[in-house]
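K.L.:
Let's see this in three dimensions:
(chains A, B, C and D)
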Number of protein chains: 2
Amino acid sequence: MSVATVSRALRGLPNVAESTRSRVLEVATRLRYEPDPAAARLAAGRTHTVIVVVPHLASWYFSTVIAGAEAVCNESGYEFLVVGVGNIAECDRLLDEQYRIERRTDGVVLVNIVATDAQAQSLRERGVALSTVGTRAAGCPSVFIDDVEVGRLAAETLAGLGHRRIGLISGLGEDPLNFDVPKRRLAGFTIGLREFGLSLDATLVVGGNFGIDGGAEAMAHLLDLGEPPTAVFAMSDEMAFGALMEMSRRGLRPGVDVSVLGVDDHEVARVLSLTTIRQHVASQGAAAARSLIAVMASTPVSLEPVISPIELVIRATTGPPA
Amino acid sequence: MSVATVSRALRGLPNVAESTRSRVLEVATRLRYEPDPAAARLAAGRTHTVIVVVPHLASWYFSTVIAGAEAVCNESGYEFLVVGVGNIAECDRLLDEQYRIERRTDGVVLVNIVATDAQAQSLRERGVALSTVGTRAAGCPSVFIDDVEVGRLAAETLAGLGHRRIGLISGLGEDPLNFDVPKRRLAGFTIGLREFGLSLDATLVVGGNFGIDGGAEAMAHLLDLGEPPTAVFAMSDEMAFGALMEMSRRGLRPGVDVSVLGVDDHEVARVLSLTTIRQHVASQGAAAARSLIAVMASTPVSLEPVISPIELVIRATTGPPA
DNA sequence: CGGCGTGTTGTAAGCGCTTACACTCGTGCC
DNA sequence: GGCACGAGTGTAAGCGCTTACAACACGCCG
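P.N.:
Here you go, the predicted structure:
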């Protein structure tokens, strides 16, 4: 039996007699034979590897996306490589000088990283499939939530409770990556306010950098204002945690003295009884991985973005103004 | 100029004239040439890849270890592959049928996964370097905390405050992997109790499965006892979070009605003012990656385990008994 | 002045696969 | 009965590197 026949049999290609194939399979399992991935890659040009690119690895959101994607890749027999790009320079270096990507992977999942059309195009030309979560990129499947609706729903929720001065802890400004989520949530927030006859007060908008400390500092800033807000919308639960921390430091009661609303439904949110707008992070990661695998397999894939559902989870940190 | 010379020049091997090397380097950067990793692997047998194996990807502890390790690998030019093994069967399959590992990687970091001596031995024979965090394996560098001391310190802290009935929310029992950390912490806890003339009360020991819900259920169980404990040591902050959640559900005040002590110093611990025994998780991941890289480079490495420091962080969830 | 060591470069044989192409051989058909 | 055909199999040429070994130039010593 020639190596060619074995190769064909093992990979399920046609033009192999069933009897031959089963014989090959039997011997292969008996010998615990496993083809060398590097040799296969070299000969066939496919790496059977996906790379997931995230800004930070340690934050809840990203590690949860990663977990969702990893499970799918693992199951589908793809190697799962993760690279963290701390800042925009590193990110652009990765996407521009594509040597880190080309020939190392068949596809990349971009998590909350915006690739320019040129970068996306260039990747596609080099035969690298693309898929994004949190943002969209040209000509590839993507999954994200309706961030405008998130902002609108937040405003509706707080204004609907009767709040008129609503603070906003955003991620805008200090963000190291071209991250446009905060902008969309802000836009929706403004729309939502307008529905209640309110308008955005720029003095009540503070950057929180999507972290606990950032959230705490932002909250401190808001509470130090001459006329502090009676409610605060934090664009992520982690920033909301920081806000709550600052409040407890000052002896303020969440949902009574000041209402706080987050986004994500971080697993600790329920511990803090945080009212939040839930999104399904792991399933977004999984969906992105699935689309990517479909693209790599040349399965026809809808390029229509998948809008992952959100839902308001009311807990104890929101209430009518004092 | 021959390919051999170029190869040697690019990889910094000796026996290349300086003039030649600089000329090669100059041309290589101008042409943005980057060697094909698969071809290099096939020819040289080294993959320049490390695999990190973790039980779950999404939990704070593991994602933080991963973050620490990733940063080091990225910096050192190693590809960073992560695989999650949900249960012990999957884990053993990975470590026994080593085809997923051999020829795919030069080294693996085992995070809180115990490999048998045979498994470790077999990996070494196949030229795969090993390094562990959280546990130790035969003949490879490892980094972990002194879990016995963690348990002892916990008992000392709570008993020192005057508590005599101290509950323990452990990870024991339900654990899907061969995880021996809970056993060591339990042993230390017992030692610590003894220093105060106390002994372990088995009815006050409940499994919490290292998660928030597990912690909450365990706490509920403890509080439902005829004579509930006045203090509780949770073997992880996430279980402590669950315990706090259960307490707030019942209107109990942490540190006043019941004291709670955790382990880790999870980033949310300070939000909840949780008293905890801090460990430096990211730096353990980084240390393990560094040792692994050293082993792969055949740098002499101490096989003496690195004991990562711990420290008691006193916040508000602990106090004298009511 | 020939042999020899040293430092540099070239040659070529793989590494373990994939795949285009050639080949064989039994069918069905005119 | 010869022929086209297609299914099944084999042959061999790479894929892009690494590395043992050969080759060469050069200066040195005996």
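
K.L.:
So A:Thr47 versus DNA strand D, what's the distance?
P.N.:
As judged by Cβ to the nearest atom of the strand, to the nearest Å, A:Thr47 and DNA strand D stand 13 Å apart. Heads up, the C-betas are built off the backbone N, CA and C, glycines and all.

K.L.:
My guess is that residue contacts A:Arg104. True?
P.N.:
Yes: counting by Cβ atoms under 8 Å, A:Thr47 does reach A:Arg104; the two are 6.3 Å apart.

K.L.:
now the strands: where do they sit in the stretch 51-200 of chain A?
P.N.:
A:79-84, A:107-111, A:129-133, A:142-145, A:166-170 (DSSP state E, counting those that start in this stretch).

K.L.:
Would you format the ones you listed as JSON lines with mean neighbour count, mean pLDDT and distance to B:Val301 included?
P.N.:
Listed next are the strands of the stretch 51-200 of chain A as JSON lines, based on neighbours: other Cβ atoms under 10 Å in any protein chain shown; pLDDT from 0 to 100; distance: least, Cβ to Cβ, whole Å:
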{"stretch": "strand A:79-84", "mean neighbour count": "24", "mean pLDDT": "95", "distance to B:Val301": "25"}
{"stretch": "strand A:107-111", "mean neighbour count": "28", "mean pLDDT": "96", "distance to B:Val301": "33"}
{"stretch": "strand A:129-133", "mean neighbour count": "26", "mean pLDDT": "96", "distance to B:Val301": "39"}
{"stretch": "strand A:142-145", "mean neighbour count": "24", "mean pLDDT": "97", "distance to B:Val301": "43"}
{"stretch": "strand A:166-170", "mean neighbour count": "29", "mean pLDDT": "97", "distance to B:Val301": "46"}
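
K.L.:
how about TSV for those strands, with distance to chain B added?
P.N.:
Formatted as TSV, the strands of the stretch 51-200 of chain A follow (distance: least, Cβ to the nearest Cβ, whole Å):
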stretch	distance to chain B
strand A:79-84	5
strand A:107-111	13
strand A:129-133	15
strand A:142-145	18
strand A:166-170	15
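
K.L.:
Make TSV from those and add distance to DNA strand C to it.
P.N.:
Output for the strands of the stretch 51-200 of chain A, formatted as TSV (distance: least, Cβ to the nearest atom of the strand, whole Å):
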stretch	distance to DNA strand C
strand A:79-84	15
strand A:107-111	17
strand A:129-133	17
strand A:142-145	29
strand A:166-170	49
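
K.L.:
Could you look up the SS state of A:Phe233?
P.N.:
Using DSSP: H, G, I helix; E, B strand; the rest coil, the structure places A:Phe233 in strand.

K.L.:
follow-up on the earlier one: can the strands of the stretch 51-200 of chain A go into CSV with extra columns for distance to B:Gly160?
P.N.:
Formatted as CSV, the strands of the stretch 51-200 of chain A follow (distance: least, Cβ to Cβ, whole Å):
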stretch, distance to B:Gly160
strand A:79-84, 41
strand A:107-111, 45
strand A:129-133, 48
strand A:142-145, 48
strand A:166-170, 39
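
K.L.:
give me every residue that touches whichever residue of the stretch 151-300 of chain A sits closest to DNA strand D.
P.N.:
Of all residues in the stretch 151-300 of chain A, the one sitting closest to DNA strand D is A:Met296 (19.5 Å; Cβ to the nearest atom of the strand). Residues near A:Met296 by Cβ atoms under 8 Å, 6 or more residues apart in numbering or on different chains: A:50, A:106-107, A:129.

K.L.:
likewise A:Val108?
P.N.:
A:50-53, A:101, A:123, A:128-131, A:292.

K.L.:
And these, which two are furthest apart?
P.N.:
A:Val52 and A:Leu123 (14.3 Å; Cβ to Cβ).

K.L.:
Please compare those two by neighbour count and tell me which comes out ahead.
P.N.:
For A:Val52 and A:Leu123, the more surrounded residue by other Cβ atoms under 10 Å in any protein chain shown is A:Val52, and the numbers stand at 29 against 24.

K.L.:
That one touches A:Glu79, doesn't it?
P.N.:
No: with contact defined as Cβ under 8 Å, A:Val52 does not reach A:Glu79; the gap is 11.1 Å.

K.L.:
And the helix-or-strand element of chain A with minimal mean pLDDT, what's buried?
P.N.:
Ranked by mean pLDDT, DSSP states H and E, the weakest helix or strand in chain A is helix A:88-96, scoring a mean of 87. Neighbour counts over helix A:88-96 (16 or more other Cβ atoms under 10 Å in any protein chain shown) mark A:88, A:90-92, A:94-95 as buried.

K.L.:
Ok, stretch A:1-8 next?
P.N.:
Result for stretch A:1-8 [16+ other Cβ under 10 Å]: buried residues A:5-8.

K.L.:
and if you look at stretch A:293-303?
P.N.:
For stretch A:293-303, a neighbour-count test (16+ other Cβ under 10 Å) marks A:293-296, A:301 as buried.

K.L.:
Stretch A:315-322 too?
P.N.:
A:315-319, A:321.

K.L.:
circling back: from A:Ile51, how far out is the residue of the stretch 151-300 of chain A closest to DNA strand D?
P.N.:
Distance of A:Met296 to A:Ile51, given as Cβ to Cβ, to the nearest Å: 12 Å.

K.L.:
again with A:Ala187
P.N.:
Using Cβ to Cβ, A:Ala187 is found at 31 Å from A:Ile51.

K.L.:
So for those two, which residue has more residues nearby?
P.N.:
A:Ile51 (24 against 15).

K.L.:
confidence score at that one?
P.N.:
For A:Ile51, the pLDDT comes out at 96.

K.L.:
got a list of what A:Ile113 touches?
P.N.:
A:53-55, A:85, A:91, A:132, A:134-135, A:177-179.

K.L.:
With A:Val85 instead?
P.N.:
Residues in contact with A:Val85 (Cβ under 8 Å, 6+ apart) are A:53-55, A:91, A:94, A:113, A:177.

K.L.:
From B:Ala58, how far out is it?
P.N.:
With Cβ to Cβ as the criterion, A:Val85 and B:Ala58 are 20 Å apart.

K.L.:
Using the record's domain definitions, break chain A down for me.
P.N.:
Annotated domains of chain A cover A:3-35, A:47-145+A:281-308, A:147-280 [automatic domain parsing].

K.L.:
Indicate which one of those domains is closest to B:Leu222.
P.N.:
Comparing those by Cβ to Cβ, domain A:147-280 comes nearest, at 17.2 Å.

K.L.:
okay, how far is it across that closest one, tip to tip?
P.N.:
This stretch, domain A:147-280, spans 13 Å end to end (Cα to Cα, to the nearest Å).

K.L.:
coming back round to it: what's the pLDDT at the residue of the stretch 151-300 of chain A closest to DNA strand D?
P.N.:
Model confidence at A:Met296 (pLDDT) stands at 93.

K.L.:
ok, now A:Glu174?
P.N.:
58.

K.L.:
With adjacent residues omitted, what lies nearest to A:Arg8?
P.N.:
Spatial nearest neighbour of A:Arg8, excluding adjacent residues (Cβ to Cβ, 6 or more residues apart in numbering or on different chains): A:Val16 at 5.0 Å.

K.L.:
burial measure for that neighbour, as a count.
P.N.:
By other Cβ under 10 Å, neighbour count at A:Val16 equals 19.

K.L.:
show me the contacts for A:Val54.
P.N.:
A:62, A:65-66, A:82-85, A:111-113.

K.L.:
now those residues as TSV including distance to B:Ser308?
P.N.:
Output for these, formatted as TSV (distance: Cβ to Cβ, whole Å):
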residue	distance to B:Ser308
A:Phe62	24
A:Val65	28
A:Ile66	24
A:Val82	23
A:Val83	25
A:Gly84	22
A:Val85	27
A:Val111	29
A:Asn112	31
A:Ile113	32
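
K.L.:
Among these, which one lies nearest to DNA strand D?
P.N.:
With Cβ to the nearest atom of the strand as the yardstick, the closest approach to DNA strand D among those comes from A:Val83, at 21.0 Å.
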